[in-house]
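# no sequence on hand, only this structure:
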Ligand SMILES: Cc1cc2nc3c(=O)[nH]c(=O)nc-3n(C[C@H](O)[C@H](O)[C@H](O)COP(=O)(O)OP(=O)(O)OC[C@H]3O[C@@H](n4cnc5c(N)ncnc54)[C@H](O)[C@@H]3O)c2cc1C
């Protein structure tokens with residue numbers, strides 16, 4: 001198991017965004033070698049996957065192993081740097097919405113209206129954020145569908161305010 005995350009003990013996996021299930025079940029069921037601070041840099045093969053190369057991010061040491069199957073767990077880090085200054089972000093870069101917005105987040109020109117933000121509304125009026133990118137969300141398909149369906153009604157509401 002390869003992780004780009006910090007080289008601290010198992011709990012640091014939470015910082016990478018991996019769920020407890022995704023960490024503890026494979027570790028309990030299999031004999032695993034965990035390579036932290038390591039990233040996959042190439043997949044090689046003629047027709048099918050034959051080998052994987054990875055590199056330690058601290059030492060730069062690269063290693064190639066004969067491996068025929070890869071499961072890639074990516075997407076746990078929000079790519080929101082470009083939103084800085086537009087909407088309020090939490091310390092990990094997820095977008096704060098609704099009741100999670102502190103007074104500080106709203107005490108700026110971006111929030112010029114009297115009312116508090118609606119559910120899923122960001123620190124900028126009429127701009128909403130749902131699911132994975134949203135601070136505190138469940139980060140599952142079912143909740144993404146649910147939040148998406150709820151926010152449609154809220155968009156209608158702000159458009160008629
Ligand atoms: C490896 C992996 C395994 C998972 N397994 C499960 C599972 O078994 N069960 C489960 O319930 N959930 C699982 N999840 C979580 C689930 O996939 C997410 O919670 C869900 O897809 C979130 O939906 P979303 O609409 O918020 O985001 P996404 O599905 O990520 O959709 C966001 C969309 O926005 C697009 N986008 C990004 N930036 C921009 C931009 N600047 N402009 C325009 N478009 C943009 C992206 O291309 C993407 O299409 C897994 C996630 C990962 C990464």
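Happy to help now that I have it. As the structure is a prediction and not an experimental result, all values here were calculated from the model.

# so what are the domain limits for the protein?
Per automatic domain parsing, the structural domains of the chain span 10-66, 81-160.

# relative to the ligand, which of the ones you listed is closest?
domain 81-160 (3.2 Å; C-beta to the nearest ligand atom). From N, CA and C alone the C-beta is placed, and that goes for glycine too.

# ok so, going back, which among the domains of the chain is found nearest to residue 1?
Minimum separation from residue 1 across the domains of the chain (C-beta to C-beta) falls at domain 10-66, 4.9 Å.

# thinking again about what came up before, Serialize the domains of the chain to JSON lines and add fields for distance to residue 4, mean pLDDT and mean neighbour count.
Shown next, in JSON lines, are the domains of the chain (distance: least, C-beta to C-beta, whole Å; pLDDT from 0 to 100; neighbours: other C-beta atoms under 10 Å):
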{"stretch": "domain 10-66", "distance to residue 4": "5", "mean pLDDT": "81", "mean neighbour count": "13"}
{"stretch": "domain 81-160", "distance to residue 4": "15", "mean pLDDT": "93", "mean neighbour count": "15"}
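
# adding distance to the ligand as columns, could you present those domains in TSV?
Shown next, in TSV, are those (distance: least, C-beta to the nearest ligand atom, whole Å):
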stretch	distance to the ligand
domain 10-66	8
domain 81-160	3
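
# for the protein, which helix is longest?
Assignment by DSSP state H gives helix 141-160 as the longest helix of the chain.

# and the strands in the protein?
For the chain, the strands defined by DSSP state E occupy 38-44, 51-56, 62-66.

# redo those as JSON lines? Include distance to residue 94.
Output for the strands of the chain, formatted as JSON lines (distance: least, C-beta to C-beta, whole Å):
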{"stretch": "strand 38-44", "distance to residue 94": "23"}
{"stretch": "strand 51-56", "distance to residue 94": "28"}
{"stretch": "strand 62-66", "distance to residue 94": "33"}
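
# before we move on, the earlier item: need the domains of the chain in CSV with distance to residue 74, can you?
Below are these laid out as CSV (distance: least, C-beta to C-beta, whole Å):
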stretch, distance to residue 74
domain 10-66, 10
domain 81-160, 12
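
# which of those domains sits closest to residue 2?
Closest among the domains of the chain, using C-beta to C-beta: domain 10-66, at 4.8 Å.
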